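Undergrad: Build the 3D model from these lines:
(chains A and B)
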2 protein chains.
Amino acid sequence: MEYDREKLSEESISQILQLIEEKSYIKAREELLKYNEVDIAEILEDIMDVAGVDKTIILFRTLPKNISVEVFSYLDIEEQLKIINGITDKELHYIIEELPFDDMIDVLEELPANIVDKILEKSSKEERKLINTFLNYPENSAGSLMTPDYISLQKDMTVKEALAYIKKEGMDSETVYTCYVKDTGRKLIGIVSLRSLVISDDDVIVKDIMQTDFVYVNVLDDQEQVSNMFKKYGFLAMPVVDNENRIVGIITVDDILDIIDEETTEDFQKMVGVTVSTVEYLDMSVWTHVKNRFPWLLFLMVSLMITGMIIAQFETLLSKVIVLVAYLPLLMGTGGNSGSQSATLVIRGIAVGDILPRDAWRILWKELRISFLIGAGLSTLNFIKIMLLDGESAAIALTVCGAMLVIIMLAKTIGGMLPMLAKKLGIDPALMASPMIASLIDMISVITYFALASLILGI
Amino acid sequence: MEYDREKLSEESISQILQLIEEKSYIKAREELLKYNEVDIAEILEDIMDVAGVDKTIILFRTLPKNISVEVFSYLDIEEQLKIINGITDKELHYIIEELPFDDMIDVLEELPANIVDKILEKSSKEERKLINTFLNYPENSAGSLMTPDYISLQKDMTVKEALAYIKKEGMDSETVYTCYVKDTGRKLIGIVSLRSLVISDDDVIVKDIMQTDFVYVNVLDDQEQVSNMFKKYGFLAMPVVDNENRIVGIITVDDILDIIDEETTEDFQKMVGVTVSTVEYLDMSVWTHVKNRFPWLLFLMVSLMITGMIIAQFETLLSKVIVLVAYLPLLMGTGGNSGSQSATLVIRGIAVGDILPRDAWRILWKELRISFLIGAGLSTLNFIKIMLLDGESAAIALTVCGAMLVIIMLAKTIGGMLPMLAKKLGIDPALMASPMIASLIDMISVITYFALASLILGI
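TA: As a prediction, the model looks like this:
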């Protein structure tokens, strides 16, 4: 079925909400079970917003056990934690046990240590050790994304034996479409796709069809690097190795789809001057919103104050030719907009891998030419407008338009080069975006404009 | 192997470039063949930049035929077209024939009609018809992304028969991991994963293990919608149906990874005021860059001019209290930055599906509270700074800080609501980002500031 979230909410959610109000949980459950697990999770999140946590938990507990686990795995972490607080220890233990390993780790990471200990009490010593290792991988690392549930094959197996093994183990594995071949020291020596197994004859040996020029990531690699590898190679899964090149887990492409969005959202937040957070806009408290935005506005305000102080230095000039003030927003604004264009295009180019550090001079040369053409064009139009429409003197028009050309050229070259410089220095280029560029350009604009005015007008 | 593009270029590319200069193409080819097809494509693109098209084509033609097709499929469309111009018709025909169907369509779409006709001359009538159908799907539609090469199973097949069929047909199919079951009218009635086939017993019937609550997209759905479905459900492939619900093709997740980046880049471009384009920054000519940026700057300039005209109305006020000018950038800048924060967070929330049209009032209420707290905080700090550091009168400090509170509150609520309004009106919310908000806020800032000044200072 083709689902539309807006439609879902209109048709079914209101019906389910009413059933809940009437305490007809069994009927509500029936309505819910018309959908697949992904949609049920989404509907439950909406219901939690409207009907509250308690009623949602009652509804959640009416779901068949196997479905409830899968639904749970698709909920956002905030909703998962709310559900956990409302179910019995026994139910929680069942869910945790049945969750795919990587989802389980995600949940455990967010729980208080004493609850985690209580859950792990019932696990075997070996399992506890494995879970603790996974819990210790740094946030946003390949280690924090991977699962240890993959299919390992022996290099001497026949295709028939391999398929029989997959049939036996496939149920508990995150994916069966890529299988891994290790040597005795747990070092990865090859990968075999299920496709090549299925299209090969029964007596072919695994080692003869395995790929040995495979690509892998290190357990400590950043998730952005990992997602770039997925994008580049188009894989369904990628092995993760430790520093001794032993395979410790795999990452599957479905988890990467979420990561790509997460990384992009981070870039947007950095580029606009907001502290990075993965919490959704509506789930974030007013107070956290303030905390994430205030420091950046304050920081940018300081630079705006400096611009103000520079203007104050030119008070005599301004009081003599007050009309200059009217063109100040035009120059600062156009400078900021020009710089933002260049900065954003370059930042994005770096993020998707189109632009490399060694391209710096090509960008400089390109922006110089682009900015000269744009600057000349806009200045000319402005000159005509100031002379004809505003009826100002040629000296004023010349001042404004001369300043505009210089400001646009400076804005675009600085806008293009700052992200490159940041990349070279190991700073995230996204931080060199609009507000940062605009603040810098503001200062440059004011100085250029008023200095040129003093010169041309002789004041 | 863990590849690093920067490293690749330093180590191998310079070596290959030297070998090409020495005309040792066979040795260059050997060096190249150490890498996998994705990397070879990337290296060839770099070599084309430095050594030129002709030498790159010679090198490309030395590659083994099967590898050259795959390498070709990983090249960007610009480089593909350059290669096409330098190879024989026979070679071109071979490549086109062997390319996966969706990649072939992408290439044919970019070629001039007479070349396409020449290529299709040798195809069968049926094939030509299919290709023409695919060429006619609108750009960015599901139809333009899909491939007709998928595995179709009969609902009455046993697992053994299904696996035998996959073994026979699997080589030419885009994916074998999801198979599709159609009724006699080509209507999709179920999907079967290879996983469930492999873990089922030989004599199980396909219809008993196929999923019937599958998700599909329409051939005319936008690619953004399609990629959102992939993100939501985590699928490896998704069926595409026509208006009669007949399956016409499938889309695989590896193609979606590229689409996600493309859609995000579009959002970045719109949000900063640049005409949308999929051409990479460095591949785009200076002239095209100018054409993509100039109109937006001009459009924004008009609103900046209006701001200037508003300022001109207050000339008497300003000439009497010239110090007001020094605080103008502070107010306009802080207003713009505050508005951009809210606008960007809301735009991103809409793009990833966290924020729905019906959330408008929740956002308004949230932004009102956030902006009041931030506005009050920043105004207080400013009041102290203006009184103590600048040594201005309380009236001036009150004017600036009062205006600041009002401007921040207006900026944030407008910044949060404009993208919601755009969404409701069917306009892309991304267009309501920083430069647009900043221009609007500029005008509001100037009016608020000077009106308040007139009032408080009594001028």
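
Undergrad: Please count neighbours and contacts with C-alpha atoms only from this point.
TA: Fine.

Undergrad: how about the strands in the stretch 301-450 of chain A?
TA: Counting by DSSP state E, counting those that start in this stretch, the stretch 301-450 of chain A has no strands at all.

Undergrad: That one: helices as residue ranges?
TA: According to DSSP state H, counting those that start in this stretch, the stretch 301-450 of chain A carries its helices in the segments A:315-320, A:328-351, A:360-384, A:394-425, A:434-457.

Undergrad: export those to TSV and tack on distance to residue B:270 and mean neighbour count?
TA: Formatted as TSV, the helices of the stretch 301-450 of chain A follow (distance: least, C-alpha to C-alpha, whole Å; neighbours: other C-alpha atoms under 10 Å in any protein chain shown):
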stretch	distance to residue B:270	mean neighbour count
helix A:315-320	37	16
helix A:328-351	10	27
helix A:360-384	19	19
helix A:394-425	17	23
helix A:434-457	14	22
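
Undergrad: how about these in JSON lines, adding distance to chain B and mean pLDDT?
TA: JSON lines is the format used below for these (distance: least, C-alpha to the nearest C-alpha, whole Å; pLDDT from 0 to 100):
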{"stretch": "helix A:315-320", "distance to chain B": "6", "mean pLDDT": "86"}
{"stretch": "helix A:328-351", "distance to chain B": "5", "mean pLDDT": "91"}
{"stretch": "helix A:360-384", "distance to chain B": "6", "mean pLDDT": "95"}
{"stretch": "helix A:394-425", "distance to chain B": "10", "mean pLDDT": "94"}
{"stretch": "helix A:434-457", "distance to chain B": "6", "mean pLDDT": "89"}
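
Undergrad: Out of those helices, which is closest to residue A:31?
TA: With distances scored as C-alpha to C-alpha, the stretch of these nearest to residue A:31 is helix A:328-351 (43.7 Å).

Undergrad: For the closest one, name the packing helices and strands.
TA: Helix A:328-351 sits against helix A:394-425, helix A:434-457, helix B:253-272, helix B:286-313, helix B:434-457, with contacts defined as 3 or more C-alpha pairs under 8 Å, 6 or more residues apart in numbering or on different chains; DSSP states H and E.

Undergrad: And for the second one, what's in contact with it?
TA: By C-alpha atoms under 8 Å, 6 or more residues apart in numbering or on different chains, the surrounding residues in contact with helix A:434-457 are A:271-273, A:300, A:303-304, A:306-307, A:310-311, A:314, A:317, A:328, A:331-332, A:335-337, A:339-340, A:343-344, A:395-396, A:399-400, A:402-403, A:406-407, A:411, A:414-415, A:459, B:329, B:333, B:337.

Undergrad: May I have that helix as CSV, with CA atoms only?
TA: Backbone C-alpha positions of helix A:434-457 (Å, rounded to 0.1, in the frame of the first residue of the first chain) are rendered in CSV as follows:
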residue,chain,number,x,y,z
SER,A,434,26.1,32.5,6.4
PRO,A,435,26.0,34.2,9.8
MET,A,436,29.8,33.9,10.3
ILE,A,437,30.5,35.2,6.8
ALA,A,438,27.8,37.9,7.1
SER,A,439,29.3,39.3,10.3
LEU,A,440,32.8,39.4,8.8
ILE,A,441,31.5,41.0,5.6
ASP,A,442,29.5,43.6,7.6
MET,A,443,32.7,44.9,9.1
ILE,A,444,34.5,44.9,5.8
SER,A,445,31.6,46.6,4.1
VAL,A,446,31.4,49.4,6.6
ILE,A,447,35.1,50.2,6.4
THR,A,448,35.3,49.9,2.6
TYR,A,449,32.2,52.1,2.1
PHE,A,450,33.1,54.9,4.5
ALA,A,451,36.8,54.9,3.6
LEU,A,452,35.8,55.2,-0.1
ALA,A,453,33.3,57.9,0.8
SER,A,454,35.9,59.9,2.7
LEU,A,455,38.2,59.6,-0.3
ILE,A,456,35.7,60.5,-3.0
LEU,A,457,33.7,63.1,-1.1
